[in-house]
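**Q** coords please:
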Amino acid sequence: MVVVTLQRNKCIGCNYCVELAPEHFRMSKKDGKSVLLHAVEKKGFYTLKSPDNAIYEECDQAAKACPVKIITTKLL
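**A** You can find the predicted model right below:
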């Protein structure tokens with residue numbers, strides 16, 4: 001299982017996550033911040049849990065490219 005977490009309120013809108021993992025991230029037209037698709041929000045953290053381990057690679061690349069380090073990925 002893969003767990004991806006986004007701390008959206010700290011997003012600066014650089015768009016790297018969308019470029020590296022377009023199936024999982026989008027930029028909001030309302031505020032220009034990243035949106036983690038199919039995520040559940042809890043206390044400002046948006047979390048996506050997926051049984052598909054294939055998404056780990058591109059989500060991890062997005063996390064590493066994030067200049068403010070607000071994306072985390074875990075492989076359980």
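**Q** so what's L36 up against?
**A** V4, T5, L6, R8, H24, F25, Y46, T47, L48 (CB atoms under 8 Å, 6 or more residues apart in numbering). Any C-beta I mention is one placed from the backbone N, CA and C, and that applies to glycine too.
**Q** hey, where'd the helices end up in the chain?
**A** Secondary structure of the chain (DSSP state H): helices at 16-20, 56-65.
**Q** which outside residues touch the last one?
**A** Contacts of helix 56-65 from elsewhere in the structure, counted by CB under 8 Å, 6+ apart, are 2, 4, 16-17, 20-21, 23-25, 69, 71-73, 75.
**Q** Over to the first one?
**A** Contacts to helix 16-20, defined as CB under 8 Å, 6+ apart, come from residues 6, 24-27, 34, 58, 61-63, 65-67, 71.
**Q** Flag every buried residue along it.
**A** Buried residues in helix 16-20, counted by 16 or more other CB atoms under 10 Å: Y16, C17, V18, L20.
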